[in-house]
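Undergrad: The sequence and its predicted three-dimensional model are supplied below.
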Protein chains: 2
Amino acid sequence: MNRASLPHVVIIGAGFAGLWAARTLTGKPVRVTLVDRNNYHTFLPLLYQVGAAEIEPEQIAYPVRTLLRSRRNVSYIRAQVDRLDLVERFLLCNGQRVEFDYCIIATGSTTNFFGTRGADRFAFVLKNLDDSVVLRNHILSCFERAAYCADRERRRALLTFVIVGGGPTGIEFSGALAELIRGPLRKDFPALSPKEIRVCLVESAARVLSMFDAKSSAYTSRLLEKKGVEVLCGTGVKELRPGRVLLSDGSAVETETVVWTAGVTGERIASLDVPLGRGGRLIVDETLQVPGRRGCFIAGDLAYVEEQGRPLPMIAPAAVQQGRAAAMNILRLVRGGEAVPFVYRDKGAMVTIGRNAAVARIGTREFTGFWAWVIWLVIHLMNLIGFRNKLFVLMNWAWDYIVFEKSVRLILPSCCTSPGAKGCRMRRCGR
Amino acid sequence: MNRASLPHVVIIGAGFAGLWAARTLTGKPVRVTLVDRNNYHTFLPLLYQVGAAEIEPEQIAYPVRTLLRSRRNVSYIRAQVDRLDLVERFLLCNGQRVEFDYCIIATGSTTNFFGTRGADRFAFVLKNLDDSVVLRNHILSCFERAAYCADRERRRALLTFVIVGGGPTGIEFSGALAELIRGPLRKDFPALSPKEIRVCLVESAARVLSMFDAKSSAYTSRLLEKKGVEVLCGTGVKELRPGRVLLSDGSAVETETVVWTAGVTGERIASLDVPLGRGGRLIVDETLQVPGRRGCFIAGDLAYVEEQGRPLPMIAPAAVQQGRAAAMNILRLVRGGEAVPFVYRDKGAMVTIGRNAAVARIGTREFTGFWAWVIWLVIHLMNLIGFRNKLFVLMNWAWDYIVFEKSVRLILPSCCTSPGAKGCRMRRCGR
């Protein structure tokens, strides 16, 4: 079979949606090109653990080319897409023009600051591996700087950590940060008083984890407070300034560290002419196709899909299902059939709060506590790509669980934070 | 006991010499401050494996504070030393003045380009963790760029890797790079022809590994050639230009990657007034003290020490012995005694060439082959600091050995190499 004569499918993004689409098209009568700016797939659900110095960044990433090795009809280009034209059906990347017959746009999401003044300049985020390493380095650097800081006010600002957003990422990161601080960092910095260290979680709604029951929310807040996290519900963020965050209740918190987990918006490709839905996501029809652009699909966080009047959650299982569905629909079109509507199967949701504690919903039942945590562990480990990554993450978790150590407490690479560094290119580092 | 009244020892550098000095002074009647710009100790003998995508950078680093936890009389400052005054006995760092009674300067070594034109701008080096991650990212990026490069000459330049220096680092890195290329990268890039890929090792002396027997040198060259490395002995480097290296025989090699392992020089602190010995190292007397500066010691790579008319090798065991000896001498001075001469115990040397192959000298006997390789493995693993690091490195090696994969093939952090990055602060990245 002459492969060049087959219909060409371009998939943009090697996240959950893009990768599962590529898997679905493997061995089928199409030629597939997967484009991503990184040469690895990132397992985003564990990103917060990299930020909290618990696992190595390499352990939640997997080389795309290795994933595609046995898939002969799928090739990969490492590139940022400079232009995408759904009418003429081509994209520009690395200075080259790539034509296609079908496409799946799966570029995912990026942080939404909702126009909060100063947030784009001063907040840390947790959306990709770089972000998480920058955040880890920054937190450890704050402790190092506090260790030789004689000024009390300044030292308190260095040791105050504000997390904005009481959704899953905000909860998981605050829990992990609190455990990092109360465990290993307290032992590493015996000269710093625990009373000077503050972790605040700020949520504008009346309760955290609004996608769960009120009971689960209360459990989560109670547990975080027990770990030393101040949970401030009903409080919004008005403005970020250097060294300070202004809250909606008129108060201000002196801090060097604001971690913004409060919102996401679609990661759009410039020049792409598709109408916007809520939350900066792109509107698709019920088959996941761009309206009026037959054969052009959007899948994952970027797609705005409603289910019973509510937008689908931006979570990995939804992305996987959409990636698969878009790929199946392309195969239907290739065979001369019609695309069928996408149906979301809600498998539940889960959030861990730390050691032995999680909240999980399976179907309509909600669990909290140790068994929810065990389910969380098993499901995350099972879904992590690559046997080696599974093994290393499991070992890290076991190590952490048994000896109460977060193992990766290294300020590395030092480009952003070393005292000798001259300037830094990292977006939000502030130097 | 009032600790503040004890004599104050400052150790600059948490490498092998500095760390072993701190260990030796633990629990002794002195107050010790360890200063290092990184918050971790780096196990430099395995740095080349990070550069060759074999192990994670975190696995050869260990947090200094955690190493010092149980050592009550030792504290740590993360800082670059801005000034060191051996007459007034103080140093400046982080804008603070730290006074001391005794000091051990153990800042190690940095790359020596011997004035080769262009080398400081265009060569990659392997002297710290950042360097190794930059090199790993660059090599993987060269393959990615070659994958979509239609120009044959350009593609060959992207796939040509020149290693300068046939010493231990040059040999170990070329062997690991050749295995990375012939194994996993060939599988990841099936469209690239193996004939377009070149790895050259350039050595100005008549043979590689001149510190070993001629027989061991020949064995090493033969093995490298078998792995596909071209070994060019008797060839020096005249100049580095963008995309090209000029050799002493008048020829030129088109390449995007020159890795410089040919020389080291002492990593000196500016403003320090100590006479220079050969190789940019600082002259000390036979007790490791700076001449005329009683109580000020230099240990490790930075110290110029002769043994039977030849300078001591710049290797980890020599640094460990000197760090210990300097610390013991300080204790002698504190007790009112005199410093004793340092005696180097040569435990041998070893270099691995890759899978199942190494050269080892123990005493005056030299081994090559499988058993030398096993000795190399065991000794490196034993000396790596931290049980967790030992375990993870061992697992990485086993994984590599069994499934022929170098596991860490990620271009990460993407600051330096991602197509979308705007500018870069990394020294030798050339963007």
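TA: Noted; the coordinates are in hand.
Undergrad: Setting the sequence-adjacent residues aside, check what's closest to residue A:317.
TA: Using Cβ to Cβ, 6 or more residues apart in numbering or on different chains and skipping residues adjacent in sequence, the residue nearest residue A:317 is residue A:347, 5.4 Å away. Quick note: C-beta positions are derived from backbone N, CA and C, even for glycine.
Undergrad: Now residue A:100. Nearest residue, chain neighbours left out?
TA: Residue A:100 sits nearest to residue A:10 (Cβ to Cβ, 6+ apart), 4.1 Å away.
Undergrad: Could you say which helix or strand holds the residue nearest to residue A:317?
TA: Residue A:347 belongs to no helix or strand when assigned by DSSP states H and E.
Undergrad: I figured residue A:354 hits residue A:227, correct?
TA: Yes: using Cβ atoms under 8 Å, residue A:354 is in contact with residue A:227, at 6.3 Å.
Undergrad: what do these two both touch?
TA: Taking Cβ atoms under 8 Å, 6 or more residues apart in numbering or on different chains as the contact rule, residue A:354 and residue A:227 both touch A:175, A:178-179.
Undergrad: Among those residues, which one has the most neighbours?
TA: Counting neighbours by other Cβ atoms under 10 Å in any protein chain shown, residue A:175 comes out on top of the shared contacts of residue A:354 and residue A:227 with 26 neighbours.
Undergrad: For residue A:383, see how far away that residue is.
TA: 20 Å (Cβ to Cβ, to the nearest Å).
Undergrad: So what's the residue count around the residue nearest to residue A:317?
TA: 15.
Undergrad: Likewise for the one 4 residues further on?
TA: Neighbourhood size, residue A:351 [other Cβ under 10 Å]: 24.
Undergrad: Okay, now the sheet partners of the helix or strand that contains it, with direction.
TA: Taking DSSP H and E as the definition, residue A:351 sits inside strand A:349-354. If you go by DSSP bridges, strand A:349-354 pairs up with strand A:357-362 (antiparallel).
Undergrad: Which strands border the very next helix or strand once past the partner strand, and is each parallel or antiparallel?
TA: Next helix or strand after strand A:357-362 toward the C-terminus (DSSP H and E): strand A:365-368. Next to strand A:365-368 in the sheet, as set by DSSP bridges, lie strand A:357-362 (antiparallel).
Undergrad: Could I have the CA atoms of the strand it pairs with written out in CSV?
TA: C-alpha atoms of strand A:357-362 as CSV (Å, rounded to 0.1, in the frame of the first residue of the first chain):
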residue,chain,number,x,y,z
ALA,A,357,-6.6,11.5,52.5
ALA,A,358,-8.6,12.1,49.4
VAL,A,359,-12.1,12.9,48.0
ALA,A,360,-13.5,10.7,45.3
ARG,A,361,-16.7,10.5,43.4
ILE,A,362,-17.6,7.4,41.5
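Undergrad: residues making contact with it?
TA: A:175, A:209, A:212, A:216, A:219-220, A:223, A:347-353, A:366-370, A:372-373, A:375-376.
Undergrad: again, only this time at 10 Å
TA: The contact list for strand A:357-362 (Cβ atoms under 10 Å, 6 or more residues apart in numbering or on different chains) reads A:168, A:171-172, A:175, A:208-209, A:211-213, A:215-217, A:219-220, A:223-224, A:226-227, A:346-353, A:366-377, A:379.
Undergrad: which of those are buried?
TA: A:168, A:171-172, A:175, A:208-209, A:212-213, A:216-217, A:219-220, A:223-224, A:227, A:349-353, A:366-368, A:372-373, A:375-377, A:379 (16 or more other Cβ atoms under 10 Å in any protein chain shown).
Undergrad: just checking, which of those residues belong to strands?
TA: A:349-353, A:366-368 (DSSP state E).
Undergrad: between the residues you listed, which is nearest residue B:61?
TA: residue A:352 (27.2 Å; Cβ to Cβ).
Undergrad: Tell me where the model's unsure across the stretch 1-150 of chain A.
TA: A:1-2 (pLDDT under 70).
Undergrad: how about the helices in it?
TA: Taking DSSP state H, counting those that start in this stretch as the test, the helices found in the stretch 1-150 of chain A are A:16-25, A:47-51, A:64-68, A:119-122, A:129-147.
Undergrad: Make a markdown table out of those helices and add distance to residue B:137 and mean neighbour count.
TA: Output for these, formatted as a markdown table (distance: least, Cβ to Cβ, whole Å; neighbours: other Cβ atoms under 10 Å in any protein chain shown):
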| stretch | distance to residue B:137 | mean neighbour count |
| --- | --- | --- |
| helix A:16-25 | 22 | 26 |
| helix A:47-51 | 17 | 26 |
| helix A:64-68 | 15 | 22 |
| helix A:119-122 | 27 | 18 |
| helix A:129-147 | 12 | 23 |
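Undergrad: Does stretch A:17-37 reach chain B?
TA: Yes: using Cβ under 10 Å from any Cβ of the partner chain, stretch A:17-37 comes into contact with chain B via residue A:37.
Undergrad: Equivalent analysis for stretch A:142-150, please.
TA: Yes: using Cβ under 10 Å from any Cβ, stretch A:142-150 reaches chain B at A:143-145, A:147-150.
Undergrad: so who does the residue lying closest to residue A:262 once chain neighbours are set aside touch?
TA: Spatially, and ignoring its direct neighbours in sequence, residue A:262 is nearest to residue A:165 (3.4 Å; Cβ to Cβ, 6+ apart). Applying Cβ under 10 Å, 6+ apart, we find residue A:165 in contact with A:126, A:171, A:173-174, A:201-205, A:208, A:237, A:259-264.
Undergrad: Would you write a ChimeraX line that selects the buried entries of these?
TA: Filtering those down to the buried ones (16+ other Cβ under 10 Å) takes a single ChimeraX command:
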select /A:126,171,173,174,201,202,203,204,208,237,259,260,261,262,263,264
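Undergrad: Can you list which of the contacts of residue A:165 are found in helices?
TA: Counted as lying in helices by DSSP state H, out of the contacts of residue A:165, are A:171, A:173-174.
Undergrad: Redo those residues as CSV? Include distance to chain B and pLDDT.
TA: CSV is the format used below for these (distance: Cβ to the nearest Cβ, whole Å; pLDDT from 0 to 100):
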residue, distance to chain B, pLDDT
A:171, 26, 97
A:173, 19, 97
A:174, 23, 97
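Undergrad: and which of the residues you listed is nearest to residue A:306?
TA: residue A:171 (25.6 Å).
Undergrad: show me the contacts for that closest one.
TA: A:48, A:163, A:165, A:201, A:203, A:208-209, A:217, A:220-221, A:223-224, A:229, A:231, A:261, A:351-354, A:358-359.
Undergrad: now swap in residue A:295 and tell me
TA: Contacts of residue A:295 (Cβ under 10 Å, 6+ apart): A:7, A:9, A:86, A:89, A:100-104, A:289, A:329-330, A:333-334, A:339.
Undergrad: Report pLDDT for it.
TA: Listed pLDDT for residue A:295 reads 96.
Undergrad: can you check residue A:363 too?
TA: Reported pLDDT at residue A:363 in the predicted model: 83.
Undergrad: now it: how far from residue B:376?
TA: 56 Å.
Undergrad: Could you do residue A:244 as well?
TA: Per Cβ to Cβ, residue A:244 is found 54 Å from residue B:376.
Undergrad: and if you look at residue A:353?
TA: 45 Å.
Undergrad: rewinding a little: gap between the strand holding residue A:351 and the chain center?
TA: 15 Å (Cα atoms, centre = their mean, to the nearest Å).
Undergrad: Quick check: the residue nearest to residue A:317 touching residue A:383?
TA: No: counting by Cβ atoms under 10 Å, residue A:347 sits too far from residue A:383 to count as a contact (11.2 Å).
Undergrad: Quick check: neighbours shared by these two?
TA: With Cβ under 10 Å, 6+ apart, residue A:347 and residue A:383 have common neighbours A:317, A:320.
Undergrad: Give the burial count for the nearest residue to residue A:350 once chain neighbours are set aside, as a bare number.
TA: Nearest-residue entry for residue A:350: residue A:360, 4.0 Å, with adjacent residues in sequence omitted and distances by Cβ to Cβ, 6+ apart. Residue A:360: 23 surrounding residues under other Cβ under 10 Å.
Undergrad: Right, I'll leave it there.
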